[in-house]
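# what follows is a predicted structure for the sequence shown.
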Amino acid sequence: MKFLSLSTLLLLPYTLSFSLPPPSSISTPITSTSLSLHPPRDPSETLTSTEFNQYVQTTYGRYPLTISHGEGCTLTDTEGKTYLDFVAGIATCCLGHSNPSLTSAVSTQMSKLHHVSNLYYIPSQGMLAEWLVKNSCGDKVFFCNSGAEANEGAIKLARKHAISKGATDPVVLTAVNSFHGRTLGALSATQQPKYHKGFTYGGKMVQGFKPVKYNDVSDLEKQFRKYNRTPFKDWVRGRKRRVAAIMLEPLQGEGGITPGDKEYFLRARSLCDATGALMICDEVQVGMGRSGTLWGYQNISPTFTPDVFTTAKALGGGVPIGAMIAGGKASTVLGPGEHATTYGGNPLACAAGLAVAKELSGGVLENVKSRGEELKGGLEGIKGKYGDMVEDVRGWGLLMGLELKEPNMAGDVVGRCMKKGLLLVPAGLRVVRFVPPLIVKKEEIEEAVRIFGEVMEDIKEEGMGK
Ligand SMILES: Cc1ncc(COP(=O)(O)O)c(C=O)c1O
C-alpha cells in the first residue's frame, strides 16, 4: 500500500476542489484602509470618454456626444453646440427637457418624501392609478420601474390566469419582430433571435413563448390552434397546454415602426374571447399620447380593447416608472405577495407621472395630431423627392419611421443628421425613427424635415443612393 506524504495530504483539499483557490485568496482581509472609501468626484468636474469606458460596462454603443443641458426640444452639448432633439430619450421625454411643471412636481416631492415602501399607502400612486384607469379600458394598476418590468408583470399575470383554469403549460404568443425588453422573460417574448444570442440555456430561452407573424391573420389563427392544444406525448403525462395570452405592440417600434392592422388585432381579440386567453398590449413605446390618442390600442379601432396593457417610457416624462394595467377579470388575478418591486410607484416617480398626466390632459394630444401630420407630410415630401433612396414613410402621430432602400443605412443617416444638429435614432438597420417630445413646435418639425432633406441631398450628390 502506498502512503501519501504529509505535504501531499496537506494539499489534498485544494487538489480535490479542482480549480477553487485557497480560502485566503477569496476573502479580502479587513484592514483599516478598506473602511476609508474613495470619494466620488464632484459632478461639476469633467470626465473623459476613456475614463467613462474604464468604469462603465460597454453594453451600449454610444455616439461621441455629451449632453450638458436641455430645454423644450433643444439639447446643448458640453461644447455649447445645440441640437434639435427628435429622440426624446427614445420616446420618453414627452414634455421635453426642463419642463417647469415636471421639474416643480419632482423637486417639491423630493423635498417632502421621495420613497416609502409599498408596505404603506402612497396617495400619489392611487391618484396616478385613478388617472390611468379613468382614461383607459383598465381597472387596476401595478406600478414598476421600466417597460421590461411592466411586461414581466403582464406575463406573470397571464400565466397565473391560465394555470388557475387548469393549464400546466401556458403559452404566450408574441409577434415576429416584436420588442418587449431585456430581462430574461421579456427578452424571450421578444421574437428577434439577434437579441437572444448568448443568453440561452441548452440553446433555449425562457420557455412558454411562441412566435406569430405580425399582421398575418391566417398565421395567427394557425399558431393559436396549434398552441391551444396539448401534444399527445404531453397529454398522456397529464399536462395541458393552452394559449394564456396574445401579447402585441399596437405599433411595433424597435422592429421598424410597423403599425398594427385592425383586422389582425380584432381577430386576436376574438380568439381570446372564444377561449379565455388574455389580450395583452405592449404600449411602452406607442402609449402615453405618442400615437395621437392616449393609447396605441385606441388607434387600432374604437371597438378593440386589451385585457392587460403595459406602459413606461413617457409615463414619468423621463423619471423611471412603468405600469401594468389590467381590466375586468384580469385585474384581480395577482394577489398579495404574488408580485412586487421595491421602487414600484414610489412618491417621487408618481409625482412625475401625475405632472405628465396633468399636461397630457391639457391639450398635448391635439399637438401630437397636428405636428404628427406635419411631420408625416414633410417626410412624404422627402420620399417624393428621393424616391430612389426612400422605401416607405409610416407611423402614427409623433412615432414616425422613414424606411431607406439601402440596407444598413439608417445608422449613417442618423450620424449625418447629428453633425447638422438633428438627433434621430434608428429602428432596425434601415428605418430612421422620428420621436420628438410631444410638445414639439411647428417650426421645429419644419427644421427637422429641412435638415433631413439636406442630408438626403448630400447622400444623393455623393452617389450613395444609387
Ligand atoms: C415596445 C417596448 N416594450 C418594452 C420595452 C422595454 O422598455 P425598458 O427599456 O424600459 O425596459 C421597449 C423599449 O424600447 C419597447 O419599445
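Everything's here; your move.
# residues near Lys329, how many?
12 (other C-beta atoms under 10 Å). In this view, the C-beta of every residue, glycine as well, is placed from N, C-alpha and C.
# what's the answer for Ala162, then?
Neighbours around Ala162, by other C-beta under 10 Å: 27.
# now do the same for it: its pLDDT.
On the pLDDT scale, Ala162 is placed at 98.
# just confirm it is within a strand.
No: Ala162: not assigned to a strand; according to DSSP: H, G, I helix; E, B strand; the rest coil it is helix.
# okay, buried residues for stretch 446-453 please.
Within stretch 446-453, the residues scored as buried using 16 or more other C-beta atoms under 10 Å are Glu447, Ala448, Val449, Ile451, Phe452, Gly453.
# what helices or strands is the helix or strand hosting the third one leaning on?
In this case it means Val449. Element membership of Val449 [criterion: DSSP states H and E] is helix 442-462. Where contact means 3 or more C-beta pairs under 8 Å, 6 or more residues apart in numbering; DSSP states H and E, helix 442-462 is packed against strand 82-85, helix 365-385, helix 410-419, strand 422-423.
# closest to Gly203 out of the buried residues of stretch 446-453?
Phe452 (42.4 Å; C-beta to C-beta).
# identify the residues contacting that closest one.
Gly378, Leu379, Ile382, Leu402, Cys417, Leu422, Leu424, Val432 (C-beta atoms under 8 Å, 6 or more residues apart in numbering).
# which among the residues you listed end up buried?
Here, 16+ other C-beta under 10 Å leaves Gly378, Leu379, Ile382, Leu402, Cys417, Leu422, Leu424, Val432 buried among those.
# that older thread, just the helices and strands packed on helix 442-462: most buried one?
strand 422-423 (a mean of 22; mean count of other C-beta atoms under 10 Å).
# that strand - contacts with which helices or strands?
strand 82-85, helix 442-462.
# quick check: mean pLDDT across that strand?
If you average the pLDDT over strand 422-423, you get 98.
# check stretch 428-441 too.
Here stretch 428-441 scores 98 as its mean pLDDT.
# quick check: buried residues in that stretch?
So for stretch 428-441, counting by 16+ other C-beta under 10 Å, buried means Gly428, Arg430, Val431, Val432, Arg433, Phe434, Val435, Pro436, Pro437, Leu438, Ile439, Val440.
# farthest pair in the residues you listed?
Arg430 and Ile439 (29.1 Å).
# what about Thr108, which SS state?
Applying three-state DSSP: Thr108 is helix.
# what's the spacing between it and the ligand?
25 Å (C-beta to the nearest ligand atom, to the nearest Å).
# which non-adjacent residue is nearest that residue?
Ala351 (7.2 Å; C-beta to C-beta, 6 or more residues apart in numbering).
# what's the neighbour count on the residue in the chain that the ligand sits nearest to?
Residue of the chain nearest the ligand, by C-beta to the nearest ligand atom: Gly147 (2.3 Å). Per other C-beta under 10 Å, the neighbour tally for Gly147 reads 27.
# just checking, it touches Val286?
No: counting by C-beta atoms under 8 Å, Gly147 does not reach Val286; the two are 11.1 Å apart.
# who's in contact with Leu402?
Leu402 sits in contact with Leu379, Ile382, Lys383, Val390, Asp392, Val393, Val431, Val432, Phe434, Phe452, where contact means C-beta under 8 Å, 6+ apart.
# do the same with Gln285
Ile90, Ala91, Gly147, Glu249, Leu251, Gly253, Glu254, Lys313, Leu399.
# buried members of those into ChimeraX, please.
Buried subset of the contacts of Gln285, written as a ChimeraX selection, criterion 16+ other C-beta under 10 Å:
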select :91,147,249,251,253,254,313,399
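# so which of the contacts of Gln285 belong to helices?
Among the contacts of Gln285, the members falling in helices (DSSP state H) are Ile90, Ala91, Gly147.
# will you turn those into JSON lines that also has pLDDT?
As requested, the ones in helices among the contacts of Gln285 are exported to JSON lines (pLDDT from 0 to 100):
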{"residue": "Ile90", "pLDDT": "98"}
{"residue": "Ala91", "pLDDT": "98"}
{"residue": "Gly147", "pLDDT": "98"}
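# out of these, flag the one nearest to Ser44.
Nearest member of those to Ser44, counting by C-beta to C-beta, is Ile90, at 27.3 Å.
# find the residue closest to the closest one in space, skipping its chain neighbours.
Nearest one to Ile90, counting by C-beta to C-beta, 6+ apart, is Val425 at 6.0 Å.
# can you check Tyr343 too?
Using C-beta to C-beta, 6+ apart, the nearest residue to Tyr343 is Asn145, at 5.3 Å.
# hmm, that neighbour is touching Thr341, no?
Yes: assessed by C-beta under 8 Å, Asn145 is found in contact with Thr341 at 6.5 Å.
# these two - which one has more neighbours?
Taking neighbours as other C-beta under 10 Å, Asn145 and Thr341 compare with Asn145 leading, 20 against 17.
# residues contacting the more buried one?
Ala312, Pro320, Ile321, Gly322, Thr341, Tyr343, Gly344, Ala349.
# give me the pLDDT value at it.
pLDDT for Asn145: 98.
# before we move on, what about Pro23?
The model's pLDDT for Pro23 equals 48.
# so Pro211 makes contact with Ala175?
Yes: applying C-beta under 8 Å, one finds Pro211 in contact with Ala175, separated by 7.1 Å.
# neighbour count for the two, which is higher?
The residue with more neighbours, out of Pro211 and Ala175, is Ala175; 29 against 17, by other C-beta under 10 Å.
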